[in-house]
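Trainee: Mind looking at a prediction? Sequence and model below.
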Amino acid sequence: MKVIYTSPIDWLGDRIRILDQSKLPDEETYLELENYRDVASAITELKIRGAPAIGVVGAYGIALGALKIESETKASFRKKLDEVMGTIAATRPTARNLFWALQRMQKVAESGDDVNKIKSALVAEAVKIHAEEKEATRKLSQFGAELIRDGDIVLVHCNAGPLATAGYGTALGIVLLAVEQGKKLRVFATETRPVLQGARLTCWELRKAGIPVTLIADSAAGYFMQRGEINCVIVGADRIAANGDTANKIGTYTLAVLARENNVPFYVAASTSTIDPSLASGEQVPIEQRKPEEITHIRGVPIAPEGIEVQNPAFDVTPHRYITAIITEKGIIRGELGEAIRGIT
Ligand code: MRU
(Lines give C-alpha, C1' and ligand atoms only; values in the text may rest on other atoms or scores of the structure.)
Protein backbone atom coordinates (compact mmCIF):
# COMPACT_ATOMS: atom_id res chain seq x y z
CA MET A 1 0.00 0.00 0.00
CA LYS A 2 1.29 3.50 -0.83
CA VAL A 3 0.39 6.00 1.84
CA ILE A 4 -0.08 9.64 0.75
CA TYR A 5 1.39 12.02 3.32
CA THR A 6 -0.26 15.34 4.14
CA SER A 7 2.01 18.38 4.06
CA PRO A 8 0.96 20.65 6.94
CA ILE A 9 3.64 23.29 6.25
CA ASP A 10 4.88 24.75 2.96
CA TRP A 11 7.33 27.61 2.54
CA LEU A 12 6.23 29.82 -0.37
CA GLY A 13 9.24 32.15 -0.49
CA ASP A 14 7.63 35.17 1.18
CA ARG A 15 4.90 33.46 3.24
CA ILE A 16 4.06 30.16 4.87
CA ARG A 17 1.10 27.97 4.01
CA ILE A 18 -0.25 25.75 6.77
CA LEU A 19 -3.15 23.37 7.00
CA ASP A 20 -5.37 24.75 9.79
CA GLN A 21 -5.53 21.79 12.18
CA SER A 22 -8.05 23.50 14.45
CA LYS A 23 -10.64 23.11 11.67
CA LEU A 24 -10.04 19.39 11.03
CA PRO A 25 -11.73 17.06 10.34
CA ASP A 26 -14.70 19.22 9.24
CA GLU A 27 -12.78 21.51 6.92
CA GLU A 28 -9.49 21.18 5.07
CA THR A 29 -8.56 24.87 5.14
CA TYR A 30 -5.13 26.23 4.27
CA LEU A 31 -3.91 29.53 5.73
CA GLU A 32 -1.22 31.74 4.27
CA LEU A 33 0.75 33.46 7.00
CA GLU A 34 2.51 36.62 5.89
CA ASN A 35 4.08 37.88 9.10
CA TYR A 36 5.69 36.40 12.18
CA ARG A 37 2.95 37.54 14.55
CA ASP A 38 0.40 35.49 12.61
CA VAL A 39 2.79 32.53 12.80
CA ALA A 40 3.01 32.95 16.59
CA SER A 41 -0.79 33.11 16.90
CA ALA A 42 -1.19 30.02 14.70
CA ILE A 43 1.12 28.08 17.04
CA THR A 44 -0.61 29.30 20.21
CA GLU A 45 -4.08 28.57 18.81
CA LEU A 46 -3.05 25.02 17.75
CA LYS A 47 -3.65 25.73 14.06
CA ILE A 48 -0.27 24.13 13.70
CA ARG A 49 0.81 21.79 16.51
CA GLY A 50 2.94 18.78 17.38
CA ALA A 51 6.51 19.27 18.60
CA PRO A 52 8.44 18.80 15.32
CA ALA A 53 5.93 20.86 13.31
CA ILE A 54 6.13 23.68 15.88
CA GLY A 55 9.92 23.69 15.48
CA VAL A 56 9.72 23.86 11.68
CA VAL A 57 7.05 26.56 11.54
CA GLY A 58 8.83 28.50 14.30
CA ALA A 59 12.00 28.57 12.17
CA TYR A 60 10.02 29.71 9.12
CA GLY A 61 8.33 32.36 11.28
CA ILE A 62 11.74 33.76 12.20
CA ALA A 63 12.84 33.71 8.54
CA LEU A 64 9.64 35.52 7.59
CA GLY A 65 10.15 38.09 10.37
CA ALA A 66 13.76 38.64 9.25
CA LEU A 67 12.78 39.17 5.60
CA LYS A 68 10.36 41.93 6.62
CA ILE A 69 12.90 43.90 8.71
CA GLU A 70 13.92 47.12 6.97
CA SER A 71 17.24 47.86 8.66
CA GLU A 72 20.51 48.81 7.09
CA THR A 73 22.78 48.15 10.03
CA LYS A 74 23.37 44.79 11.64
CA ALA A 75 22.82 46.23 15.12
CA SER A 76 19.30 47.49 14.42
CA PHE A 77 18.48 44.35 12.39
CA ARG A 78 19.53 42.16 15.34
CA LYS A 79 17.46 44.23 17.77
CA LYS A 80 14.34 43.73 15.66
CA LEU A 81 15.15 40.08 15.06
CA ASP A 82 15.41 39.52 18.83
CA GLU A 83 11.84 40.80 19.11
CA VAL A 84 10.74 38.31 16.42
CA MET A 85 12.53 35.44 18.19
CA GLY A 86 11.08 36.45 21.55
CA THR A 87 7.54 36.42 20.15
CA ILE A 88 8.00 32.97 18.58
CA ALA A 89 9.68 31.59 21.73
CA ALA A 90 6.77 32.76 23.91
CA THR A 91 4.16 30.70 22.05
CA ARG A 92 4.41 27.27 23.67
CA PRO A 93 6.93 26.29 26.35
CA THR A 94 7.08 22.49 26.33
CA ALA A 95 8.14 21.31 22.85
CA ARG A 96 11.92 21.11 22.82
CA ASN A 97 11.95 21.25 19.01
CA LEU A 98 10.89 24.91 19.04
CA PHE A 99 13.86 25.96 21.18
CA TRP A 100 16.22 23.66 19.29
CA ALA A 101 15.15 25.38 16.05
CA LEU A 102 15.43 28.83 17.66
CA GLN A 103 18.97 28.11 18.79
CA ARG A 104 19.93 27.11 15.26
CA MET A 105 18.37 30.27 13.83
CA GLN A 106 20.10 32.37 16.50
CA LYS A 107 23.48 30.93 15.54
CA VAL A 108 22.89 31.79 11.88
CA ALA A 109 21.77 35.33 12.84
CA GLU A 110 25.07 35.87 14.64
CA SER A 111 27.19 34.96 11.60
CA GLY A 112 28.39 37.59 9.12
CA ASP A 113 27.78 41.36 8.89
CA ASP A 114 25.76 41.75 5.71
CA VAL A 115 22.08 42.00 6.64
CA ASN A 116 20.84 40.70 3.27
CA LYS A 117 23.15 37.70 3.47
CA ILE A 118 21.96 36.94 7.01
CA LYS A 119 18.34 37.09 5.81
CA SER A 120 19.07 34.59 3.01
CA ALA A 121 20.98 32.36 5.42
CA LEU A 122 18.05 32.37 7.86
CA VAL A 123 15.65 31.26 5.10
CA ALA A 124 18.10 28.54 4.04
CA GLU A 125 18.45 27.34 7.64
CA ALA A 126 14.67 27.09 8.10
CA VAL A 127 14.37 25.10 4.85
CA LYS A 128 17.19 22.84 6.10
CA ILE A 129 15.50 22.28 9.46
CA HIS A 130 12.29 21.32 7.61
CA ALA A 131 14.12 18.85 5.33
CA GLU A 132 16.07 17.35 8.24
CA GLU A 133 12.95 16.83 10.35
CA LYS A 134 11.21 15.13 7.42
CA GLU A 135 14.16 12.82 6.90
CA ALA A 136 14.48 12.08 10.63
CA THR A 137 10.86 10.93 10.84
CA ARG A 138 11.34 8.71 7.77
CA LYS A 139 14.38 7.06 9.34
CA LEU A 140 12.86 6.61 12.78
CA SER A 141 9.71 5.20 11.21
CA GLN A 142 11.84 2.59 9.45
CA PHE A 143 13.54 1.61 12.71
CA GLY A 144 10.24 1.55 14.57
CA ALA A 145 8.43 -0.52 11.95
CA GLU A 146 10.78 -3.41 12.81
CA LEU A 147 9.14 -3.59 16.24
CA ILE A 148 5.66 -4.05 14.80
CA ARG A 149 4.40 -7.51 13.83
CA ASP A 150 1.86 -8.35 11.19
CA GLY A 151 -1.59 -8.33 12.79
CA ASP A 152 -0.65 -6.13 15.75
CA ILE A 153 -3.11 -3.77 17.41
CA VAL A 154 -1.27 -0.54 18.27
CA LEU A 155 -2.58 2.04 20.72
CA VAL A 156 -1.63 5.67 19.99
CA HIS A 157 -2.34 8.87 21.91
CA CYS A 158 -2.78 12.46 20.72
CA ASN A 159 -1.62 13.01 17.14
CA ALA A 160 1.93 12.15 16.14
CA GLY A 161 1.42 11.75 12.42
CA PRO A 162 2.45 13.77 9.36
CA LEU A 163 0.31 16.67 10.64
CA ALA A 164 2.43 16.93 13.78
CA THR A 165 5.81 16.59 12.18
CA ALA A 166 5.94 18.03 8.66
CA GLY A 167 7.20 14.59 7.68
CA TYR A 168 6.14 10.96 8.07
CA GLY A 169 5.12 11.30 11.67
CA THR A 170 6.72 9.76 14.73
CA ALA A 171 4.37 7.26 16.44
CA LEU A 172 2.04 7.29 13.45
CA GLY A 173 4.94 7.35 10.99
CA ILE A 174 5.90 3.92 12.33
CA VAL A 175 2.37 2.65 11.78
CA LEU A 176 2.19 4.13 8.27
CA LEU A 177 5.54 2.68 7.29
CA ALA A 178 4.74 -0.77 8.71
CA VAL A 179 1.55 -0.75 6.59
CA GLU A 180 3.56 0.32 3.53
CA GLN A 181 5.74 -2.73 4.19
CA GLY A 182 2.65 -4.89 3.86
CA LYS A 183 1.86 -5.52 7.53
CA LYS A 184 -1.82 -5.59 8.45
CA LEU A 185 -2.39 -3.45 11.53
CA ARG A 186 -5.25 -2.04 13.49
CA VAL A 187 -4.89 1.17 15.48
CA PHE A 188 -6.71 2.12 18.66
CA ALA A 189 -6.68 5.93 18.94
CA THR A 190 -7.49 7.69 22.20
CA GLU A 191 -9.75 10.69 21.68
CA THR A 192 -7.21 12.82 23.65
CA ARG A 193 -9.11 15.30 25.72
CA PRO A 194 -9.27 18.22 26.02
CA VAL A 195 -8.86 19.28 22.40
CA LEU A 196 -9.32 15.88 20.77
CA GLN A 197 -6.20 15.56 18.63
CA GLY A 198 -6.77 11.79 18.57
CA ALA A 199 -10.42 11.88 17.51
CA ARG A 200 -10.06 14.78 15.09
CA LEU A 201 -6.58 14.39 13.63
CA THR A 202 -5.27 10.83 14.12
CA CYS A 203 -8.56 9.30 12.98
CA TRP A 204 -8.62 11.68 9.98
CA GLU A 205 -5.06 10.78 8.98
CA LEU A 206 -5.57 7.03 9.38
CA ARG A 207 -8.90 7.05 7.58
CA LYS A 208 -7.21 8.91 4.69
CA ALA A 209 -4.44 6.30 4.65
CA GLY A 210 -6.97 3.46 4.63
CA ILE A 211 -5.71 2.01 7.94
CA PRO A 212 -8.37 0.50 10.25
CA VAL A 213 -8.75 2.67 13.32
CA THR A 214 -10.94 2.35 16.40
CA LEU A 215 -11.57 5.49 18.44
CA ILE A 216 -11.76 5.03 22.21
CA ALA A 217 -12.34 7.38 25.14
CA ASP A 218 -9.07 8.14 26.97
CA SER A 219 -10.41 6.36 30.05
CA ALA A 220 -11.09 3.12 28.07
CA ALA A 221 -7.41 2.36 27.42
CA GLY A 222 -7.02 0.24 30.57
CA TYR A 223 -10.10 -1.81 29.69
CA PHE A 224 -8.60 -2.87 26.37
CA MET A 225 -5.10 -3.48 27.76
CA GLN A 226 -6.49 -5.66 30.57
CA ARG A 227 -8.36 -7.78 28.00
CA GLY A 228 -5.12 -8.38 26.09
CA GLU A 229 -6.37 -6.49 23.06
CA ILE A 230 -3.42 -4.11 22.69
CA ASN A 231 -0.02 -5.37 21.47
CA CYS A 232 1.92 -2.16 22.05
CA VAL A 233 1.55 1.53 22.81
CA ILE A 234 3.49 4.04 20.71
CA VAL A 235 3.50 7.75 21.55
CA GLY A 236 5.42 10.79 20.37
CA ALA A 237 7.29 13.21 22.63
CA ASP A 238 7.51 16.93 23.23
CA ARG A 239 10.67 16.86 25.29
CA ILE A 240 12.94 14.07 26.45
CA ALA A 241 15.25 14.77 29.39
CA ALA A 242 18.83 13.46 29.63
CA ASN A 243 17.70 10.45 31.71
CA GLY A 244 14.94 9.45 29.24
CA ASP A 245 11.98 10.91 31.16
CA THR A 246 9.53 12.01 28.48
CA ALA A 247 7.00 14.85 28.35
CA ASN A 248 4.11 14.22 25.99
CA LYS A 249 0.40 15.01 25.72
CA ILE A 250 -1.49 14.87 29.01
CA GLY A 251 -2.59 11.29 29.66
CA THR A 252 0.60 9.68 28.34
CA TYR A 253 1.86 8.91 31.87
CA THR A 254 -1.43 7.15 32.68
CA LEU A 255 -1.07 5.01 29.54
CA ALA A 256 2.54 4.12 30.43
CA VAL A 257 1.58 2.95 33.93
CA LEU A 258 -1.32 0.92 32.53
CA ALA A 259 0.98 -0.59 29.91
CA ARG A 260 3.47 -1.70 32.58
CA GLU A 261 0.69 -3.19 34.73
CA ASN A 262 -0.57 -5.18 31.73
CA ASN A 263 2.83 -6.18 30.24
CA VAL A 264 2.27 -4.15 27.08
CA PRO A 265 5.44 -2.65 25.51
CA PHE A 266 5.43 1.16 25.72
CA TYR A 267 7.44 2.90 23.00
CA VAL A 268 8.32 6.59 22.59
CA ALA A 269 9.09 7.76 19.05
CA ALA A 270 10.88 11.07 18.52
CA SER A 271 13.58 12.68 16.45
CA THR A 272 16.70 13.66 18.39
CA SER A 273 15.69 17.33 18.09
CA THR A 274 13.19 16.52 20.87
CA ILE A 275 15.94 15.47 23.29
CA ASP A 276 17.00 18.14 25.77
CA PRO A 277 20.31 16.99 27.28
CA SER A 278 20.41 20.14 29.44
CA LEU A 279 17.63 18.78 31.66
CA ALA A 280 18.74 16.07 34.09
CA SER A 281 15.22 14.72 34.54
CA GLY A 282 11.61 15.23 33.51
CA GLU A 283 10.88 17.23 36.67
CA GLN A 284 12.56 20.20 35.00
CA VAL A 285 10.42 20.18 31.85
CA PRO A 286 8.27 23.34 31.65
CA ILE A 287 4.68 22.18 31.39
CA GLU A 288 2.30 24.38 29.44
CA GLN A 289 -0.92 25.31 31.25
CA ARG A 290 -3.66 26.11 28.77
CA LYS A 291 -6.91 28.05 29.08
CA PRO A 292 -9.85 26.61 31.08
CA GLU A 293 -12.24 26.82 28.09
CA GLU A 294 -10.50 23.82 26.54
CA ILE A 295 -12.01 21.74 29.38
CA THR A 296 -15.23 23.60 30.15
CA HIS A 297 -16.24 23.63 26.49
CA ILE A 298 -16.12 21.18 23.60
CA ARG A 299 -15.77 23.00 20.31
CA GLY A 300 -17.42 26.10 21.74
CA VAL A 301 -20.28 24.30 23.56
CA PRO A 302 -20.21 24.61 27.39
CA ILE A 303 -20.22 21.27 29.26
CA ALA A 304 -19.56 22.42 32.85
CA PRO A 305 -21.14 24.94 35.24
CA GLU A 306 -20.04 28.46 34.42
CA GLY A 307 -17.08 29.73 36.46
CA ILE A 308 -15.97 26.28 37.69
CA GLU A 309 -12.33 26.05 38.79
CA VAL A 310 -10.19 24.28 36.21
CA GLN A 311 -6.61 23.06 35.83
CA ASN A 312 -5.48 22.29 32.33
CA PRO A 313 -1.89 21.06 32.01
CA ALA A 314 -1.28 20.20 28.34
CA PHE A 315 1.48 17.65 28.99
CA ASP A 316 2.68 15.19 31.60
CA VAL A 317 5.97 13.44 32.21
CA THR A 318 6.45 9.69 31.94
CA PRO A 319 9.38 8.51 34.07
CA HIS A 320 11.97 6.62 32.02
CA ARG A 321 11.42 3.37 33.95
CA TYR A 322 8.07 2.90 32.18
CA ILE A 323 9.55 3.28 28.69
CA THR A 324 10.42 0.04 26.88
CA ALA A 325 12.42 1.84 24.17
CA ILE A 326 12.87 5.22 22.51
CA ILE A 327 12.85 5.13 18.73
CA THR A 328 14.92 7.88 17.05
CA GLU A 329 16.37 8.47 13.60
CA LYS A 330 19.70 7.28 15.00
CA GLY A 331 18.30 3.94 16.10
CA ILE A 332 16.30 2.33 18.89
CA ILE A 333 17.55 2.84 22.42
CA ARG A 334 16.66 0.60 25.37
CA GLY A 335 17.91 -0.35 28.80
CA GLU A 336 19.84 2.43 30.57
CA LEU A 337 18.20 5.24 28.60
CA GLY A 338 20.38 8.00 30.09
CA GLU A 339 23.55 6.28 28.94
CA ALA A 340 22.07 5.55 25.51
CA ILE A 341 20.94 9.19 25.14
CA ARG A 342 24.46 10.40 25.89
CA GLY A 343 25.63 8.14 23.06
CA ILE A 344 23.38 9.71 20.44
CA THR A 345 23.39 13.42 21.38
O1 MRU B 1 -0.65 20.07 22.14
P2 MRU B 1 -0.12 19.37 20.93
O3 MRU B 1 -1.19 18.89 20.00
O4 MRU B 1 0.94 20.17 20.22
O5 MRU B 1 0.60 18.09 21.53
C6 MRU B 1 1.28 17.24 20.67
C7 MRU B 1 1.78 16.01 21.32
O8 MRU B 1 1.73 15.85 22.50
C9 MRU B 1 2.46 15.02 20.43
O10 MRU B 1 2.29 13.73 20.92
C11 MRU B 1 3.95 15.35 20.39
O12 MRU B 1 4.16 16.68 20.00
C13 MRU B 1 4.68 14.47 19.48
S14 MRU B 1 4.27 14.80 17.80
C15 MRU B 1 5.25 13.94 16.84
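Mentor: Everything's here; your move. Owing to the predicted nature of the structure, the values given are computational and were not obtained by experimental measurement.
Trainee: interface residues of this protein facing the ligand?
Mentor: Within the chain, the positions adjacent to the ligand are 49-52, 158, 160, 164-165, 170, 197, 236-238, 248-249, 314 by CB under 6 Å from any ligand atom. From N, CA and C alone the C-beta is placed, and that goes for glycine too.
Trainee: pLDDT-wise, what's the bottom of those residues?
Mentor: Note: of those, the lowest pLDDT belongs to T165, at 94.
Trainee: residues making contact with stretch 174-181?
Mentor: 1-3, 5, 138, 140-142, 144-145, 147-148, 154, 156, 161-162, 168-169, 185, 187, 206, 209, 211, 234, 269, 327 (CB atoms under 8 Å, 6 or more residues apart in numbering).
Trainee: Let's see that with 6 Å instead.
Mentor: By CB atoms under 6 Å, 6 or more residues apart in numbering, the residues outside stretch 174-181 that reach it are 1, 3, 141, 144-145, 148, 154, 185, 187, 211, 234, 269.
Trainee: Just among those, which is most surrounded?
Mentor: Most neighbours among the contacts of stretch 174-181, by other CB atoms under 10 Å: A269, with 31 neighbours.
Trainee: mind listing what that one touches?
Mentor: Shown in contact with A269 (CB under 6 Å, 6+ apart): 140, 144, 170-171, 174, 234, 236, 327.
Trainee: Need the per-residue pLDDT for it.
Mentor: A269 is assigned a predicted lDDT (pLDDT) of 98.
Trainee: For it, list each beta-bridge partner.
Mentor: Counting by DSSP bridges, A269 is bridged to I327.
Trainee: Relative to Y36, how far out is it?
Mentor: According to CB to CB, to the nearest Å, A269 and Y36 sit 30 Å apart.
Trainee: And stretch 114-130, how far out from the chain middle?
Mentor: Computed by CA atoms, centre = their mean, to the nearest Å, the separation of stretch 114-130 from the middle of its chain amounts to 23 Å.
Trainee: List the buried residues in it.
Mentor: Within stretch 114-130, the residues scored as buried using 16 or more other CB atoms under 10 Å are 115, 118-119, 121-123, 125-126, 129-130.
Trainee: can I assume A189 sits in a strand?
Mentor: Yes: judged by DSSP: H, G, I helix; E, B strand; the rest coil, A189 forms part of a strand.
Trainee: Test my guess that it contacts V213.
Mentor: Yes: under the criterion of CB atoms under 6 Å, A189 makes contact with V213 at 5.5 Å.
Trainee: more neighbours, these two?
Mentor: For A189 and V213, the more surrounded residue by other CB under 10 Å is A189, and the numbers stand at 24 against 20.
Trainee: Name all residues that make contact with the more buried one.
Mentor: A189 makes contacts with 156, 198, 202-203, 213, 215, as judged by CB under 6 Å, 6+ apart.
Trainee: how close does the residue nearest to R96 when sequence neighbours are not counted sit to V285?
Mentor: Closest residue to R96 apart from its sequence neighbours, by CB to CB, 6 or more residues apart in numbering: R239 at 4.0 Å. R239 sits at a distance of 5 Å from V285 (criterion: CB to CB).
Trainee: so what sits against both of those two?
Mentor: In contact with both R239 and V285: A247, using CB under 6 Å, 6+ apart.
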